[in-house]
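Asks: mind looking at a prediction? Sequence and model below.
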Amino acid sequence: MIDLNAFPHDEIDGYIVRLDDDAAALIAGAGEARLPYDVAYTGRVTIGYGLSLLYKKDTLLVEWVYDDFRREHRGEAALDFILRRGDLFPRADVGGWRAGTGSREELFLKQLDLAPGLQAVAFSAQGAAPTLLSVAVWADAAVDGWQEPPADDSRIPPLLRQAVPCWLSHPAALAEVSRLVISEAPDA
């Protein structure tokens with residue numbers, strides 16, 4: 001069982017929806033909206049942050065890193081170290097949790113695929129399978145159509161903003177979320 005407090009994470013109230021077989025979205029601030037998607041779960045969502053495993057279709061939720069000089073980096077500092085300096089320390093030890101299996105994992109940093117960058121994985125309180133997120137959207141009636149959120153928008157956690165594209169949307173435009181996955185900004 002994954003210890004959700006062991007690695008960097010955020011908690012957000014919202015929906016996790018499936019957009020297709022490979023893509024999922026977090027939709028927050030939509031209240032009791034009727035969404036035109038397959039809703040995987042709704043309620044309190046824990047978003048964990050990690051990196052892809054090389055040669056395996058899974059994400060390692062990073063808890064700690066020991067670099068070649070045995071300096072310890074934990075939590076967000078561990079993610080920052082890996083993303084900024086990981087290429088310089090391929091034999092650094094990394095520990096965390098595999099999102100897909102829930103098992104503890106210890107490996108060398110070179111066993112992580114750093115090219116895709118930071119990933120966001122959603123967990124529900126109901127115990128549904130973890131879901132890799134492709135996009136995050138905040139419903140906001142004050143927004144006309146779609147907008148990129150301002151950098152100081154406190155609703156959006158910094159790590160989530162780094163891991164997936166984040167948008168603000170008028171609630172009436174939420175049916176266009178699936179277009180975000182193909183890296184195309186929806187029509188405003």
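Replies: Nice, thanks for sending it over. Residues are numbered from 1 along each chain as shown.

Asks: what strand or helix carries the spatially most central residue of the chain?
Replies: Nearest to the mean C-alpha position of the chain, counting by CA atoms, centre = their mean, stands Ala120 at 1.3 Å. Using DSSP states H and E, Ala120 sits within strand 119-124.

Asks: check which helices and strands the helix or strand that that strand is followed by sits against.
Replies: Downstream of strand 119-124, the first helix or strand assigned by DSSP H and E is strand 131-132. Under the contact criterion of 3 or more CB pairs under 8 Å, 6 or more residues apart in numbering; DSSP states H and E, strand 131-132 touches strand 119-124. Where C-beta positions appear, they are placed from N, C-alpha and C, glycine not excepted.

Asks: partners of the strand it packs on, with directions?
Replies: Paired strands of strand 119-124, with direction, are strand 38-53 (antiparallel), strand 131-132 (antiparallel) (DSSP bridges).

Asks: count the neighbours of Arg161 for me.
Replies: As a burial measure, Arg161 scores 16 neighbours (other CB atoms under 10 Å).

Asks: which of the three states applies to it?
Replies: In three-state terms, and counting by DSSP: H, G, I helix; E, B strand; the rest coil, Arg161 is helix.

Asks: ok, it - contacts?
Replies: Pro149 (CB atoms under 8 Å, 6 or more residues apart in numbering).

Asks: separation between it and Leu174?
Replies: 19 Å (CB to CB, to the nearest Å).

Asks: and Ala122, by the same measure?
Replies: Taking CB to CB, one finds Ala122 at 17 Å from Leu174.

Asks: check contacts around the residue nearest to the centre of the chain.
Replies: Ala120 makes contact with Leu26, Ile47, Gly48, Tyr49, Leu132, Leu133, Ala136, Leu159, Leu160, Ala163, Val164 under the criterion CB under 8 Å, 6+ apart.

Asks: quick one, strands of this protein?
Replies: For the chain, applying DSSP state E gives strands covering 9-18, 24-28, 38-53, 59-66, 72-74, 93-98, 104-108, 112-113, 119-124, 131-132, 135-139, 146-147, 166-169.

Asks: now do the buried residues in the second one.
Replies: Buried residues in strand 24-28, counting neighbours by 16 or more other CB atoms under 10 Å, are found at Ala24, Ala25, Leu26, Ile27, Ala28.
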